[in-house]
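S.K.: this is a predicted model, with the sequence first.
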Amino acid sequence: MTEMIKLFVNGEEVEVESGKNLIDALEKVGIEIPHFCYHPALGADGNCRMCLVGIEEGRPPVVPACKTPAKEGMKVLLDADHIKKIQHDVMELEFINHPTDCPICDQAGECKLQDYYMKYEGTESRMRVPQVKKRKVQDFGGGVIHDQERCVACGRCVRFLRQITKTGELGLVNRGDDCRVEFFPGRPINNRYGLNVVDLCPVGALTSADFRFKQRAWFLKRAESICHGCSKGCNIMVDHNKEKYEDDIIYRIRPRHNEQVNGWFMCDAGRMTYKSENDNRLEECTLAGTVRPLTDILADAQSRIEKASKALFLVSPSASLEQLVAVQALAEKTGAAVSAFSDGYIVKDDGDDFLIKDDKAANRTGVDLLSIAKSRTHFDNMAKEADVFINFDNDLSRSLSEEQIGKLFKDTWVLNAATHPGHLGTAMAGKAGASVALRSWSEYHGVVVNCDGIAQKFVGGVMKNIERPDIVEIAAGLGSPATGAAAAWALVQKKIPALAEFGSFLELPAEGVNLTDNEAGK
Amino acid sequence: MYIDTLFSIFALTAVAGSLGLVLFRHPMRSALCLAVTMISLAGIYALLSAKLIFLLQLIVYAGAVTALIVFIIMFLNLREKDLPEENERFTYFIGGAVVLIPVAWFMIKVMKSIPEVKNSIVGNGFGSIKEVGQMLFTNWLVPFEIISLLLLVTLIGAVVLAGIRRESND
Amino acid sequence: MTTLDIVMVIVRVSISAFVPLCFLAVCVTMERRVAGFVQDRSGPNRAGIYGFRAGGLVQNLADGIKLAFKEDIISEHVEHKFLYVLAPIISMAAAIISFALIPFADTLVLDGKAYVMQGIPWDTGILWFLAVTGFSVYGIILAGWSSTNKYSLLGALRSASQVISYEIPMGLAVISLLIVYGSINLSDIARFQGQNWLGFIPMWGIFLQPLAAVIFIVAAFAECNRTPFDLAEGESELVAGFHLEYSAMKFAVFFMGEYVAMFASSAVIVTLFFGGYNIPFFSTDFLIRNIKPVAFVMLVILPVFMFYFAKWIRRNNRSQYPRENDPREAEATVYIRCFWILIGVIEVFLLAILAFAQPDTAAAHLLVALMQICTFLLKVTLMLFVYVWVRWTIPRFRYDQLQILGWQKLLPLALLNIFVTGAIVVALG
Amino acid sequence: MAAKVKQLPSRGGTPAEKVYLIEIFKGMGITLRHFLRNLWDNSNLYVRHYPEVQPNIPAHWRGRHRLLTHSDGTPKCVACFMCQTNCPANCIMIKAGERTDGITEKMPVSFTIDLAECIYCGYCVEACPEDAIRMDTGIYAFTSSNREEMKIEMDEMLSLKGGYTEEEYQKGLEDE
């Protein structure tokens, strides 16, 4: 428990945590101090002067809030006339050369300049001299586009690349109204976290080439999710929108703050995972080559499972705990084997010591927690025995070559439930099995456990035009005791007692539940 | 001749209506069959030159009483799924019919024993409102008044019953 | 039965069956044109055949053709399809047969035989009307109930309870009238009103029983579901009430049923309170006895009337905006010529009567009967105009106001009226 | 500032008014007067004989939309989506893209208005920061036999000309 101290803001007493600067301390209790250059992950720089606050009976009487630690008994002035004048003047300074091209700026709607203009300035420009012209559309590399005119020279991007990635591609050059951000000639941004500078930029100076002009920020619906790109489980915000007459598609993925997992950032590869959610998805459910309603396929599959001497269910290591448990319960009921064989998900030497991991599966720890076998030998043995094989969205083509898959399931009836085509390679193409188009992770809710044993909930907000089933629904349709999401969650709680205290998965805390001290550590 | 034909038609519709009343499963259909029976009976009264009874049958029974029943059934808004399961209804119907056969046989016997009367149009004033009114207010005054008293008692009873129920509900 | 008997049966039945149907067009046109004029609009005046619009009557033809050829939909959710189809039939049939016992002329004497000028020559009169209008409630209930739609059901509930409630004051108002007239036979009632009171006031029901007239007319409005009592339809809250689910010809039949019911109740109101077929101040006997002067007066009046009528047509049947060779003026010319030809034919007929007919002959009887039919239809048309006029003047009642008016105002007033009338009749002996 | 409330004297209290019938007859008198006046001479109706007599469309009338162009013929629109954001009928559909002619960076790739859904509120015109969309074509009658034809595309809207001069239009805005 952090120590609490008392100080005064505008004459009113507030209690804040000690050991923090004024911006962070007061933000916790809901008092906002405007700032451009300060960012909690990058530390104080103090160059924008927007966060100047008055200290009554203090020396000096006006201090930058980002560099001033909160102290007991401090008397902070925020709405005094001279502070307001400072804020107004700083804003006016920022606007001298700012091209007010909000209509074509992607940042509009989530821009600090816009917000602060409405809150702290709100006056017409007094400038009568022409604005300084700078470069407009400058490719910074790594998918970052720079507009020098919009820049407020806060230096967040420069500091990020020096402190966090330690690559230091960018720098501030010149002084005064010629000050601008530039990369060193011939060395554009070239690292796997470069797009974070777009999020860091408080204005529209740095924009993402990928997202550029695609959507306005205020149309986007937000869903708090977990990145399924690797086992780190970065917290993300899925920004999606359903335009009139069109499908609900994701426009971008942004990192969401979680100190325990990813801090404020995420990798560029993770940001681009949205593309596979939008495009090249399976759309139809087929049985023996013809499109059939799901209920028919499930009925057929159910009768085949009952008749089969042995059935094998292959689950994905990226599936949520609920889905894993639903399939497991189905296997227990029908006497089938479950495997989570997914060696191909691990990409050797791809990870680094920051966020990217070798293991590209989101829930491998969860698979271990539920003690689902995942070894190659187990999978091979079971595949030889089985005459019904159901794949629950495991991309087997990553682990095995097409010939291997074809050989394994030569005489087996195969139901392939998948989000994308090609999970079993093309070897299965001519085979008279069944295939079901599944919901992907941006479309369902659930809980995954990351590589550090932190269980995190995610919410799927995307509603596609084509109704696809979730794995839990399919398992229930095949006769699983987990008849729905709630029943599956109850089973999860039975198997993982550390989660038992949460009534539903939505009650999991935002920062996740660390299971390391319990089962995961075993 | 045409009187006989008309009588047969009315009698048949009356019987068909009452059969429908019992046989239909949905109360709305039964109630409408009742209306058909009432109207057929009114037709038979008309054939008997009983104009007032004919009109009263139409106004009171077909127009008001049955309409009220239909109105209440509409109020309940019964759907197929609200109706009770009646699995063995046809067994009961057949059983009931079998039980009624001796009664019917007896009735036919009684009917046959009644001497035949020739159908003829009776005198001009017969069954008209004036005649019936004069009868009611001379020969039948006391029963008439007693019945009106009885109706008044029923009315008051209905009001009292409805009032009690409302209080208990509050 | 002689040939004349059969001809007379056909004539009477066809008048009582087809006149209400023909008046549908008049009603609908009047409804729309009066609504227009009351609100300073013009109403339907565009639909025409080769430019002939007949004052908006052609619009009805267009509407009728549209309704007849529209797709007739029975929704999937309608469980009782038979009752659903039966409902409009009941309401239309009840409306038409309720007109059957209303006399549209005085008893016609031909060849020494008297023919009662009603669809059905029966003497149960007003009771028949009450009995048959009671059936129209079945149509409403069945329509609302079998539509399986909450708006329809609510509309039917309102409408049915309203019709049932207002039958009581209506019947009671009739009773006080019957005490005065001493008969339930509508022919007797109409003949009674042919007399004059003190020589110059016609003994019409409205003068003898003003309170009963008000109660009866109000109740008749409610029975017809007309404004201000049309909350069964309540567009604003119930969309269209009980006929919401009906389309095409089934809807049209409901619609026609409503107007025929309106026509029939207008006819009853005219018969009970406005002297029926009687021409004011002139009884049938008087007319038959003085057939020659009557024919002469008609001979003079008709052209004069036509002259002004033609002027009115000229004034109103033209385009209200600058237009070269206005086709509407040509149209007006055609109408005026047609009317003059009609008048000419009538004049020839009247001249023949003036020249050859003797009082108390078949020709005289026929002429008087025709005049009375015209008078009756004119009176009914005026009453229909009142219906329309009220609709476009008075806003709709709230449901509780409607029931309060029916049970707490009209019912006691009707009872009071019976007592007072009875007392006066007994006192005067 | 208090809202403007006009207090009308409460009616219906006197015994004569409580009988209703008298008031009803008064009201019927009014409607009858109108009816008879118009029956006598129907030239006083407050009716425009529409297809023959065309209405005079004032400059601030909101008719069919058009997109304005710069003097060189390129669209003024910068695809800021303000009109789409403000559209209460949700009938504007824009797709934005890169602009290469050097005027700005962004322009619409497609700009569709579904006239069947438009309610002609004029919010798009008011919201536009570039004066790129106006409803001053003076076209008020347009019909189609199917819904697809009611969608108008960017090219068509760009080719439409305004129905008024600039002065008339500006004056119309003031009148509004």
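M.R.: Nice, thanks for sending it over.

S.K.: mind listing the helices for the stretch 301-429 of chain C?
M.R.: C:327-356, C:362-391, C:399-404, C:411-428 (DSSP state H, counting those that start in this stretch).

S.K.: could you do chain D as well?
M.R.: Ranges of helices in chain D, per DSSP state H, are D:15-18, D:21-40, D:82-86, D:123-127, D:154-159, D:166-175.

S.K.: ok, the second one near chain C or not?
M.R.: When you say that, I think you mean helix D:21-40. Yes. Using C-beta under 8 Å from any C-beta of the partner chain, helix D:21-40 comes into contact with chain C via D:21, D:24, D:27-28, D:30-32, D:34-35, D:38-40. For the C-beta atoms, the positions are set from N, CA and C on the backbone; glycine is no exception.

S.K.: just the buried residues of those residues.
M.R.: For the residues of helix D:21-40 next to chain C, a burial check counting by 16 or more other C-beta atoms under 10 Å in any protein chain shown picks out D:28, D:31-32, D:35, D:38.

S.K.: and A:I236, what element?
M.R.: Using DSSP states H and E, the element containing A:I236 is strand A:235-242.

S.K.: so which bits of that strand are buried?
M.R.: Buried residues in strand A:235-242, counted by 16+ other C-beta under 10 Å: A:235-241.

S.K.: and if you look at stretch D:163-171?
M.R.: Buried positions in stretch D:163-171, judged by neighbour count with 16+ other C-beta under 10 Å: D:163-164.

S.K.: please report how far the nearest residue to D:A96 once chain neighbours are set aside lies from A:K384.
M.R.: Counting by C-beta to C-beta, 6 or more residues apart in numbering or on different chains, the nearest residue to D:A96 once its immediate chain neighbours are dropped is D:A79, at 3.7 Å. From D:A79 across to A:K384, the span is 59 Å (C-beta to C-beta, to the nearest Å).

S.K.: the more surrounded of the two?
M.R.: D:A79 (27 against 14; other C-beta atoms under 10 Å in any protein chain shown).

S.K.: show me what contacts the more buried one?
M.R.: A:104, A:213, D:94-97, D:106-109, D:111 (C-beta atoms under 8 Å, 6 or more residues apart in numbering or on different chains).

S.K.: what score does the residue nearest to A:L220 when sequence neighbours are not counted have for pLDDT?
M.R.: Leaving aside its sequence neighbours, A:L220 sits nearest to A:D239 (C-beta to C-beta, 6+ apart; 4.1 Å). pLDDT, A:D239: 94.

S.K.: hmm, back to that, any residues touching the strand holding A:I236, and which ones?
M.R.: Residues contacting strand A:235-242 (C-beta under 8 Å, 6+ apart): A:215, A:219-227, A:248-258, A:261-262, A:266, A:270, A:274, A:442, A:456, A:460-463.

S.K.: show me the shaky parts of chain D.
M.R.: Chain D contains residues with pLDDT under 70 at D:1-2, D:12, D:175-176.

S.K.: and it, what are its domain boundaries?
M.R.: In the domain annotation for chain D, the residue ranges read D:15-47, D:66-175 (automatic domain parsing).

S.K.: most packed of those domains?
M.R.: Mean neighbour count (mean count of other C-beta atoms under 10 Å in any protein chain shown) peaks for domain D:66-175 among the domains of chain D, with a mean of 16.

S.K.: tell me the contacts of the residue nearest the centre of chain B?
M.R.: Note on chain B: the residue nearest the mean C-alpha position is B:M38, at 5.0 Å, using C-alpha atoms, centre = their mean. Residues counted as contacts of B:M38 (C-beta under 8 Å, 6+ apart) are B:17, B:57-58, B:61-62, B:66.

S.K.: which of the helices of the stretch 301-429 of chain C has the lowest average pLDDT?
M.R.: helix C:399-404 - the lowest mean pLDDT of the helices of the stretch 301-429 of chain C, at a mean of 84.

S.K.: gap between the residue in chain B positioned nearest to chain A and chain D?
M.R.: Here chain B gets closest to chain A at one residue, B:K81, 23.8 Å apart by C-beta to the nearest C-beta. B:K81 sits 39 Å away from chain D, taking C-beta to the nearest C-beta, to the nearest Å as the criterion.

S.K.: do C:P280 as well
M.R.: In terms of C-beta to the nearest C-beta, C:P280 sits 21 Å off from chain D.

S.K.: and the pLDDT at that residue?
M.R.: 81.

S.K.: surely it meets C:M203?
M.R.: No. The criterion here is C-beta atoms under 8 Å, and C:P280 misses it with C:M203 at 10.7 Å.

S.K.: more neighbours, these two?
M.R.: Taking neighbours as other C-beta under 10 Å, C:P280 and C:M203 compare with C:M203 leading, 17 against 14.

S.K.: can you pull the contacts of the more buried one?
M.R.: For C:M203, the residues meeting the contact criterion (C-beta under 8 Å, 6+ apart) are C:192-197.

S.K.: inside helices: which ones of those residues?
M.R.: Members of these lying in helices (criterion: DSSP H): C:F192.

S.K.: list just the nearest of the contacts of C:M203 to chain A.
M.R.: Closest to chain A, out of all of the contacts of C:M203 and judged by C-beta to the nearest C-beta, is C:Q193, at 70.0 Å.
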